[in-house]
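Student: need coordinates for the below:
(one chain, ligands or ions: 2)
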Amino acid sequence: MTPRTTAVPNAADEVLADLPPELAELIRRAPKVELHDHLDGGLRPSTVVELAESCGYDGLPTTDPVELAAWFRESADSGSLVRYLETFVHTVAVMQTEEGLRRVARECAFDLASEGTVYAEIRYAPELHTERGLSLDEVVTAVTEGFAEGMEDAREAGHPIRVRSLLTAMRHAAMSREIAELAVRHRDTQVAGFDIAGAEDGFPPSRHLDAFEFCRRENFPITIHAGEAFGLPSIWEALTWCGADRLGHGVRIVDDMEIDGLPYAEAVAEVPAGAVAPTAVSLGRLAASVRDKRIPLEMCPSSNVQTGASASIAAHPISLLKALKYRVTLNCDNRLMSNTSMTKEMALLVRDAGWTPEDLRWVTINAMKSAFLPFDERLTLINRVIKPGYAALGVG
Ligand SMILES: O=c1[nH]cnc2c1ncn2[C@@H]1O[C@H](CO)[C@@H](O)[C@H]1O
Ligand SMILES: [Zn+2]
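Tutor: Ligands and ions are numbered 1, 2, ... in the order given. A predicted model of the protein is given here:
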């Protein structure tokens, strides 16, 4: 079976059209690495419609794929993480069978590879996919098989990609220890790390300490959604109590910075974050520690604009954090809800925040360095795939 392409317009085209054609082509062809992408946030709209029909789910707001794509984007454009997350009810509803999970994972790997992504870590919460009787292990096996099929499809199409999974526990629930054990049980079949996600305010990372301590005893990598809808205490707990190796978003780390003696939020009210001179910034202890320890920040600009964590792409702290040489990585979070892709995220930063092709190369290498993959494999991808890929485009 060849995966079908969606009839929905390509998310990046509109932004690329605003750029000089050679630059747009460079962004299209640039090697990409993605570390933060939710499986249940990246379905093709046409797949949601088809799976809903085959599994008898009649709750979709519309069965027209183009209208459905618009519905997800508009509903997610809510200014609140909690409302943004409500849209997942429809994607999760059609991911309750082995067949549905396998197809979604297969198409995910293929779609990412088609836009030049050479390595991706895709996360999902197994506990959300057991409503129709699948066991947690069956969920993981189905997704892993789907990724293997998608990688094979992509290789045949001439776009090789490596995909790994991250297992997410929902922070409002009480299954995190079980999910951490599930992840470790599947570590030799492509599961590369453990995460928590869901509403952040009121559900601090330390609530799941037991799960994180288990992962640490097993030398198993941890990333934590922190500093997205809630601020510094969440980031502080994720790092100092829970031992996170990376931060999901982490965008609110700027709350621990002063610019010319003013708190970040006050100082940037008038000026785009990217226009702030790095020399004017002083870091608090937590912000300094995140930079000193090279903690990777899995940044997702479009998603943050939708949930209200940032006013615009131009104002997004990612540009200041780049200037300050944090270990910044660029990601989509949820391609369906944010109507985005890696190509679009790159194009937005180039168009709206003054990023250069060299910056795109830098952020891509940062991501590869930060992957939950063995060190030698990361180096091989950087030296044999990413650097030559950019060199072929005249970058680096
Ligand atoms: O940006 C985010 N912040 C917090 N939680 C999220 C975000 N995106 C998705 N999810 C949550 O993670 C679950 C598993 O993939 C999704 O079902 C959604 O509830
Ligand atoms: Zn996320």
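
Student: so is stretch 206-223 next to ligand 1?
Tutor: No: between stretch 206-223 and ligand 1, judged by C-beta under 6 Å from any ligand atom, nothing touches; the nearest distance is 11.8 Å. The way it works is simple: take the backbone N, C-alpha and C, and place the C-beta from them, glycine included.

Student: now stretch 163-180
Tutor: Yes: counting by C-beta under 6 Å from any ligand atom, contacts between stretch 163-180 and ligand 1 involve Thr168.

Student: can you give me how far that stretch is from the chain middle?
Tutor: Distance of stretch 163-180 from the chain centroid (C-alpha atoms, centre = their mean, to the nearest Å) equals 16 Å.

Student: how about stretch 166-186 as CSV, C-alpha atoms only?
Tutor: What follows is stretch 166-186, C-alpha atoms only, in CSV (Å, rounded to 0.1, in the frame of the first residue of the first chain):
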residue,chain,number,x,y,z
LEU,A,166,8.9,8.5,23.3
LEU,A,167,6.2,7.3,25.7
THR,A,168,4.2,10.0,27.4
ALA,A,169,2.2,9.7,30.7
MET,A,170,-0.6,12.1,31.2
ARG,A,171,0.2,14.5,34.1
HIS,A,172,-3.4,14.6,35.4
ALA,A,173,-3.6,10.8,35.6
ALA,A,174,-1.9,8.4,37.9
MET,A,175,-0.3,5.9,35.5
SER,A,176,3.2,7.4,35.1
ARG,A,177,5.1,4.7,36.9
GLU,A,178,3.4,2.1,34.7
ILE,A,179,4.1,4.0,31.5
ALA,A,180,7.8,4.5,32.5
GLU,A,181,8.0,0.7,33.1
LEU,A,182,6.3,0.1,29.7
ALA,A,183,8.8,2.4,28.0
VAL,A,184,11.8,0.7,29.6
ARG,A,185,10.3,-2.7,28.6
HIS,A,186,10.3,-1.6,25.0
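
Student: and it, which residues are buried?
Tutor: By 16 or more other C-beta atoms under 10 Å, the buried positions in stretch 166-186 come out as 166-171, 173, 175-177, 179-184, 186.

Student: partner residues bridging whichever residue of the stretch 101-250 of the chain sits closest to ligand 1?
Tutor: Per C-beta to the nearest ligand atom, Ala197 is where the stretch 101-250 of the chain lies closest to ligand 1, at 3.5 Å. Under DSSP bridges, the beta-bridge partners of Ala197 are Met170.

Student: what about it, neighbour count?
Tutor: Neighbourhood size, Ala197 [other C-beta atoms under 10 Å]: 23.

Student: now do the contacts for the residue lying closest to Ala105 once chain neighbours are set aside.
Tutor: The shortest distance from Ala105 to any non-neighbouring residue, by C-beta to C-beta, 6 or more residues apart in numbering, is to Gly146 (2.7 Å). Gly146 sits next to Leu101, Arg102, Arg103, Val104, Ala105, Arg106, Cys108, Ala109 when contact means C-beta atoms under 8 Å, 6 or more residues apart in numbering.

Student: residues near the fifth one, how many?
Tutor: It stands for Ala105. Ala105, neighbours per other C-beta under 10 Å, totals 26.

Student: repeat for the fourth one
Tutor: A count of neighbours around Val104, defined by other C-beta under 10 Å, yields 26.

Student: what about it, distance to Glu149?
Tutor: 11 Å (C-beta to C-beta, to the nearest Å).

Student: wasn't the residue nearest to Ala105 part of a helix?
Tutor: Yes: counting by DSSP: H, G, I helix; E, B strand; the rest coil, Gly146 is located in a helix.

Student: show the average pLDDT along whichever helix or strand Glu138 is part of.
Tutor: Element membership for Glu138, per DSSP states H and E: helix 136-156. The average pLDDT within helix 136-156 is 98.

Student: same question for stretch 24-39.
Tutor: For stretch 24-39, the per-residue pLDDT averages 98.

Student: tell me which residues in that stretch are buried?
Tutor: Result for stretch 24-39 [16+ other C-beta under 10 Å]: buried residues 24, 26-28, 30-39.

Student: of those, closest to Arg294?
Tutor: Leu35 (14.3 Å; C-beta to C-beta).

Student: please name the bridge partners of Glu34.
Tutor: Ala120.

Student: Gly116 is in contact with that one, correct?
Tutor: No: counting by C-beta atoms under 8 Å, Glu34 sits too far from Gly116 to count as a contact (10.5 Å).

Student: any common contacting residues for the two?
Tutor: Between them, Glu34 and Gly116 share the contacting residues Met342, judged by C-beta under 8 Å, 6+ apart.

Student: give me the number of residues near Leu19?
Tutor: 15.

Student: surely it meets Arg351?
Tutor: Yes: the pair Leu19 / Arg351 is scored as a contact, 6.0 Å apart, by C-beta under 8 Å.

Student: spell out which parts of the stretch 1-150 of the chain neighbour ligand 1.
Tutor: So the stretch 1-150 of the chain meets ligand 1 at His38, Asp40, Gly41, Leu81, Leu85, Phe88, Val92, Arg123, Tyr124, Ala125, Leu128 (C-beta under 6 Å from any ligand atom).

Student: redo these as a markdown table? Include secondary structure.
Tutor: A markdown table is the format used below for those (three-state DSSP):
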| residue | secondary structure |
| --- | --- |
| His38 | strand |
| Asp40 | helix |
| Gly41 | helix |
| Leu81 | helix |
| Leu85 | helix |
| Phe88 | helix |
| Val92 | helix |
| Arg123 | strand |
| Tyr124 | strand |
| Ala125 | coil |
| Leu128 | helix |
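
Student: columns distance to Leu324 on top of those residues, output as TSV?
Tutor: As requested, these are exported to TSV (distance: C-beta to C-beta, whole Å):
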residue	distance to Leu324
His38	28
Asp40	33
Gly41	29
Leu81	25
Leu85	30
Phe88	33
Val92	37
Arg123	27
Tyr124	32
Ala125	33
Leu128	36
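
Student: what's the most distant pair in those residues?
Tutor: Pairwise over those, using C-beta to C-beta, the maximum falls at Leu81 and Tyr124, 17.8 Å.

Student: and these two? Which one has more around it.
Tutor: Using other C-beta under 10 Å as the criterion, Leu81 and Tyr124 rank with Tyr124 on top: 28 against 22.
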